[in-house]
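>>> generate coordinates for the sequence data below:
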Amino acid sequence: QVQLVESGGGLVQAGGSLRLSCAASGRTFSISAMGWFRQAPGKEREFVAATTWRVGTTYYTDSVKGRFTISRDIAKNTVYLQMASLKPEDTAVYYCAASARATTLLTFTSRYDYWGQGTQVTVSS
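Numbers count the residues shown, from 1 in each chain. A predicted model of the protein is given here:
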């Protein structure tokens with residue numbers, strides 16, 4: 001099992017920045033990729049960004065390209081999501097996820113085996 005704990009959410013004005021962190025514990029040697037998803041009220045959970053764990057290949061949804069950066073610290077078993085130029089439409093609960101088997105098709109929730117509890121990000125206009 002892998003446990004994931006997110007932190008770093010909060011309230012920020014439009015145009016501001018936040019950095020989310022997700023610390024993994026447990027069977028971290030099994031992690032093949034990690035990702036960030038978000039879910040706004042009344043909407044489905046959507047892919048935001050992902051990184052393969054060993055090589056560090058990154059993927060982003062179009063709406064955050066150029067504004068968000070995903071990175072990982074293997075020694076700390078932590079993945080980060082640096083968010084800049086935030087918009088009100090970025091408001092959502094952000095979830096960290098880890099896969100123990102996938103390094104491709106990381107935009108799909110079904111590719112992940114473990115999920116964090118979520119952290120709220122609110123962007124005011």
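
>>> going forward, measure contacts and count neighbours with C-alpha atoms only.
OK.

>>> let me see the ranges of the strands in this protein.
2-7, 10-13, 18-26, 33-39, 46-52, 58-60, 68-73, 78-83, 92-99, 114-115, 119-124 (DSSP state E).

>>> mind giving me the packing neighbours of the shortest one?
So the one you mean is strand 114-115. strand 2-7, strand 92-99 (3 or more Cα pairs under 8 Å, 6 or more residues apart in numbering; DSSP states H and E).

>>> and those strands: which comes nearest S125?
strand 92-99 (14.3 Å; Cα to Cα).

>>> how about the closest one as PDB, C-alpha atoms only?
What follows is strand 92-99, C-alpha atoms only, in PDB (Å, rounded to 0.1, in the frame of the first residue of the first chain):
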ATOM      1  CA  ALA A  92     -11.400  22.800  -7.300                       C
ATOM      2  CA  VAL A  93     -10.300  20.100  -4.900                       C
ATOM      3  CA  TYR A  94      -6.900  18.900  -6.000                       C
ATOM      4  CA  TYR A  95      -6.100  15.200  -5.600                       C
ATOM      5  CA  CYS A  96      -2.800  13.500  -5.800                       C
ATOM      6  CA  ALA A  97      -2.600  10.000  -7.200                       C
ATOM      7  CA  ALA A  98       0.000   7.300  -7.600                       C
ATOM      8  CA  SER A  99       0.200   4.400 -10.000                       C
END
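
>>> center of the protein, which residue is that?
W36 (2.0 Å; Cα atoms, centre = their mean).

>>> tell me the contacts of the closest residue in space to that residue that isn't next to it in sequence?
Of all residues not flanking W36 in the chain, C96 sits nearest, at 4.7 Å (Cα to Cα, 6 or more residues apart in numbering). Applying Cα atoms under 8 Å, 6 or more residues apart in numbering, we find C96 in contact with L4, V5, E6, C22, M34, G35, W36, F37, W115, G116, Q117, G118.

>>> same question, S32
T52, W53, R54, A98, S99, A100, R101, A102, T103.

>>> brilliant, that's me finished.
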